[in-house]
Structure formats: C-alpha cells, structure tokens
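>>> Here's a sequence, model it:
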Amino acid sequence: MRESLQNDDDMEESSEGDPNPDIPKWVIEADKKQKREARQSAIHAGTLKRQKIEKRLKRKHIPITDSANEDLIDDPEDTQQNPTLEGNYDSDTSSESPDIEDNTPKIIFASRTHTQISQFIGELKKTIWWKDPNVRAIQLASRSHLCLNNEVINKSKGSSERLNDLCSTIGADAPNSQCRYAGKGSGLKKLCDRMNVTPMEIEDILRHGKEDKGCPYFATKRTLERANVVALPYSSLLSEAARLSYNLKLEGNIVIVDEGHNITDSVNQTHSVTATLSVLQQTQQAVSLYLNTYKNKLHIKNKSKIRKLTAILKKLIDWLIAKSSTTQIENHTELLNMTELVFASDIEGVNVPEIVKFLRETHLFRKLQGFLEKRDSLPGSQITVASMYGVEKFLYNIVAANREHCRLIYCKKESGPTLTIASVYAAEEFSVILNKARCVVLAGGTMSPISDVKHQLIPQVDDSNMIVYQCDHVIPAENIIPITVRSAYGELLDFRLENRANPSLLKSLSTVLIDLCSIVPQGLVFFFSSYAYEQFFWDYITKKP
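Numbering: from 1, shown residues only. You can find the predicted model right below:
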C-alpha cells in the first residue's frame, strides 16, 4: 500500500511541472490537499488494520513474524512446528488476558490462604454493600481450585502445572477450544452473566459452574474487569506474571494486605528459589534426551541453545558434586558469594540471560513434560514442570538478582546438596506494588513495632506519607493478666519442635489444663501453635488407656 501511494506522489510531482493554465491555482492546491489527506487516511487505516490483525493473532498464539524458535517439537508423535511463542514465567498463570480495558477502581484484598479469603467474603456478605447492585466482589483462585473438567483433572495426575498445560491446550483461550465447560456450546457466558449480577465465593462459583456447564476459572477472569472488590492470595498479588495473566492492574487501585506482619516473609519466599542436585541432574538428562531425539528436526539455532543449556546444567552439577565431596559434615550449611558460584562453576563464559529468554519464549520445559510422559527413558525420575521451572528461575536469579539483596546458601543434606538463592530484602520487590497502587494498607493485629515493618518493607516511604491507625484491644487492659505456668512438679513446659511429642510434656500439659479447669468458673479457651499440634494433643488426651 505504501509503495503504491508513493508512486502516486511521484506522478503528482511530475505533473506539477505542466499544469493546465485554464485551471485556477487555488483549485489545484485544494486538489493536492485533498489527495494528501486521502493518502494519509489510507495509511492510517492500513496501520490500524495491521495492528488489529496482530492483536488477534497474538491472542490466538500465532506468531506474527518468522522465528527459528517455531520448530521446537511439542510432542514425540507430532513433527509439525509449534506456533506457541508467548512467554510466561509463572506455571499457574499461563493463560492470556482479555482485551477489555480495566478502568473500574478496585479494592484488592490479599491474604495468606483461600480459607482466610473466604472468611473475608463471608464478612463482606454481612454488610449492606453485598446487596448493592453497583458493588461486585470476586474471589480469585488458580485452575487447580476451579477446574471442573474431570478428564483434565485425571490426566494431570495431581500436578497443578500439568493441569495448567492441559487447560491452555483445550481451554477458552485455546483456538478451537474442546473443553465442554469453556468451548463452543458451553455455559461460560451464562456463568459470567450470573457472576456480574451476584457476588460469589469459590463454593458458589463452583456450584453455579456445574449447573451452567461453565468454567469457573475463565468466568472469574472475564468478570474481573467489572469487579470493585477483588480478593486473592498473597502469591497472586506478589507475582507479576500472575497479575498479568489476570490482567489485574494496580494503577489507581487500593491494595489491602491482611496479616501485614506476614507479608515480608511472603515476599522473600516468593522471590527465592532452590535447586537440588537431583533436579539439576534429571533436568539435564531430560534436555539431552530431547536433543538427541530431535537433533535432525530442530533448527540449528535451537540446537545450539539447547546444547548451551545442557552445558550450563552440567557445570552446575559438577560444581555441586565437587563441593559436596569436600564437605564431610552432614546437614552442613554455608553462605556463599554469588560471584564465586559463577566463576567456580565456569558458567561465566555462557550467555545465561539468552538461554533464560529462550526457555521463556519456547516453553521448552513444558514440551519436555509431554515428551517424558510418552517415554520411560528416565527410570525413577519424578521430574515435574514445577521442578524444571525452578531450574529456569534459578538460572535467571543467578544473573538478574540484586547481589546486595539476596544470599546464596549451600546446604548438604542426607537427600543431597542444594543451592538456594534467598531474597533477604523484601522492600525492593514490594516497591513495585507500592509505586503502582493508589495506596497500600497493611492491616494486622501484631504490626508493632511499626519501625521494624517500615525498615523491612517500606523504607523509602516518608513519615508524612504514612498514616498509622491503632485500635484498642477488645479486652480492657485491667482484665488481662499475663502469667507463665510450670507443671505440677515445677518443670518448664518446653514446646520446641523436637520436644512436642515427648510423653512427659504431654502428661504435664494435661495436668496443667485439668488444674486450671477446676479453678476457672466460666470456662477456658486454649490456643495451640498449629492445628496439627492441636489435633495431636486432642488425640493424646482422648485415646483409650
């Protein structure tokens, strides 16, 4: 189009030297202006059409330009090129985002577990806002919590990563979706319409999903755009890949973090990664087997990058084995320097960022999962997509992690040596959320001392931009008596992990509780360190002698 329009320009310029003397000059100028505007309009229309086509192709996972990455083999029995090149670093959030622009102000409520989120939704139901038709609340969850397709669930064999892969293949975002809950003829639209009218918890979404034959996961994603209140777990808030998959934007929205005293540890855990010797070895074997099987069908550039990947893995494996042989003490932990690992393992000469980018774009590890499922070439191997993506994240963190804000920890255990890149400065990662959101609310019952929270999480925030609101305890101070107790024999009650199952401790604790019950008239409430220990103690005191 541009070439033909340029030819028109040349013809017009050549005709300007011999104008018709009978035509007024202003008519000629007006005609030229009209032609220029027509050409510009045509160019603009062509550009918009191209952008629209590109957007549609991208949504369907079809590459716009040719790439050597296209000829990675996806299945042992499928020698066609795999067109999927869209990269995603999070295994649980691999689906695409809808094209609807998200302009609705939202309150994003994040908590640790789905149980706590359900409790929040339950309390929200008790308010007048729940019945307000203009207020829409939604609870986000992963495919493993929302999938209704028994065929997909059975094929996944309990692996959430495998379930994600199967869903991305036949789900609502896949071309020619074959899922009866998300494809053509399903009740997905009906479920979306229902969710747009009535706020629902996960249990409600699942129940109506079964009734309407609609996929709760994709219905949740599509109705998210119109939601005013979004409840989600920490992991979905802290992971950028998870936010992108849901098309959840922080700009202009209010973020509320429940149990704010836990968010620092959650941020560090989210951005830390561990690689074990066994996983590195299994990954290296799987990649080598894949390369040897398809070496005559893969593009030369892909073969080169896969060989570099196996070389990196082998260098790390050799270094870990050598390090383990020099450490005679079991359960040994050592703090290492990241630069020391890079040079000692001899991987400084390999372009690791290039290999990580290759892994992201081609989804090589996902292809390996399907490849290995059709074979029994790695006897005893329990390698999963999650483990292999952990290797990918480990390689990424080697070169991308801030050396000042992370630590490299070597640990020798009975199961084998491990390397952990641990994030120790949550403020750097949390600043992404802090800078994008309209405001961030950290809510919790044990936030004091506030100075520690500020130092660990938000050191860049000036005191003038931070509001601290503290509530009085529901129990008056004069009604609280903190005391410590010993056993009836004067022994300390030692509840350290290694001593919790001690019969002597359990007997002493039982005696203390019986004595307290005999002198407190209105009843007692006991709190344990965990639900598991509560059940353990209950089983102890209720068992038959």
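
>>> What residues sit buried inside stretch 497-510?
Of the residues in stretch 497-510, 500, 505, 508-509 count as buried by neighbour count, 16 or more other CB atoms under 10 Å. The C-beta positions use only the backbone N, C-alpha and C, and glycine is treated the same way.

>>> Would you work out how far apart the start and end of it are?
18 Å (CA to CA, to the nearest Å).

>>> cool, stretch 154-165 as well?
OK, stretch 154-165 end separation, CA to CA: 13 Å.

>>> and if you look at stretch 444-463?
19 Å.

>>> Report the buried residues of it.
453-454, 456-458.

>>> picking that back up, filter the buried residues of stretch 497-510 down to just the ones in helices.
Using DSSP state H, the members of the buried residues of stretch 497-510 that fall in helices are 505, 508-509.

>>> Let me know the closest of the buried residues of stretch 444-463 to residue 39.
For the buried residues of stretch 444-463, the closest approach to residue 39 (CB to CB) belongs to residue 458, at 54.3 Å.

>>> quick revisit: TSV for the buried residues of stretch 497-510, including distance to residue 28?
Shown next, in TSV, are the buried residues of stretch 497-510 (distance: CB to CB, whole Å):
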residue	distance to residue 28
500	96
505	103
508	107
509	102
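
>>> Between which two of those is the distance greatest?
500 and 508 (12.3 Å).

>>> so which of the buried residues of stretch 444-463 comes closest to residue 186?
Nearest to residue 186 among these, with distances taken as CB to CB, is residue 457, at 43.2 Å.

>>> before we move on, back to that, from the buried residues of stretch 444-463, pick the one nearest residue 208.
residue 457 (38.4 Å).

>>> ok, now how distant is residue 447 from residue 200?
Using CB to CB, to the nearest Å, residue 447 is found at 31 Å from residue 200.

>>> now residue 190
Per CB to CB, residue 190 is found 14 Å from residue 200.

>>> next one: residue 471
Relative to residue 200, and taking CB to CB, residue 471 is found at 30 Å.

>>> and those two? which has more neighbours close in?
residue 200 (24 against 6; other CB atoms under 10 Å).

>>> Just name the closest of the buried residues of stretch 444-463 to residue 251, please.
Nearest member of the buried residues of stretch 444-463 to residue 251, counting by CB to CB, is residue 458, at 18.4 Å.

>>> ok, now which ones touch the closest one?
Residue 458 is in contact with 427, 430, 434, 466, counting by CB atoms under 8 Å, 6 or more residues apart in numbering.

>>> out of those residues, who's nearest residue 147?
Nearest to residue 147 among those, counting by CB to CB, is residue 430 at 31.0 Å.

>>> For that closest one, report the pLDDT, please.
On pLDDT, residue 430 comes in at 89.

>>> try residue 128
85.

>>> now do residue 146
On pLDDT, residue 146 comes in at 89.

>>> State the distance from it to residue 32.
61 Å.

>>> same thing with residue 255?
56 Å.

>>> Between those two, which is the more surrounded one?
residue 255 (21 against 12).

>>> Over to residue 407. Which of the three states is it?
strand (DSSP: H, G, I helix; E, B strand; the rest coil).
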